[in-house]
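Undergrad: Predicted model, plus sequence, below.
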Amino acid sequence: MTEINADKIICDTNIKKMVHFESISSTNDWGKRFIYDQQQKIKQGNFGDSFPFLVLADRQTAGRGRGNHSWFSPNG
C-alpha cells in the first residue's frame, strides 16, 4: 500500500477527522455509524468538529460498490 501522509491530507484539505484501519468490514458502514453517533452528540448539545471525515482501510472484508454490488478488496 502507498504510504499515507495524514498531516499533508489534513493540511491540504478541509478534512477534520481521518481514521485508518488495517482491516474493516466496510468503510461505508463505519462512516454511517460515525455520522449517527455524531448526530446523537449534537442532539445532546455536544457540537464536535468532525466533519468532513475520511475513512481509509488497507482491506475491506464486506465492501460494497454502487447498487449494493459486492466487490473484493485485496490487501494493500
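TA: Right, received. Where do you want to start? Numbering: from 1, shown residues only.
Undergrad: Buried residues, the longest helix that the chain contains. List them.
TA: For the chain, the helix with the greatest residue count under DSSP state H is helix 27-43. Counting neighbours by 16 or more other Cβ atoms under 10 Å, one finds that the buried residues in helix 27-43 are Thr27, Trp30, Phe34, Gln38. Yep, even glycine has a C-beta here, placed from its N, CA and C like the rest.
Undergrad: Could you list the residues in contact with that helix?
TA: When contacts are defined by Cβ atoms under 8 Å, 6 or more residues apart in numbering, helix 27-43 is touched by residues 19, 21, 24, 47-48, 50-51, 53, 55-57, 60, 62-64.
Undergrad: what about burial for those, which qualify?
TA: Taking 16+ other Cβ under 10 Å as the criterion, what is buried in these is Ile24, Val55, Ala57, Gln60, Gly63.
Undergrad: and stretch 4-18, how far apart are its ends?
TA: The straight-line separation of the ends of stretch 4-18 (Cα to Cα, to the nearest Å) is 11 Å.
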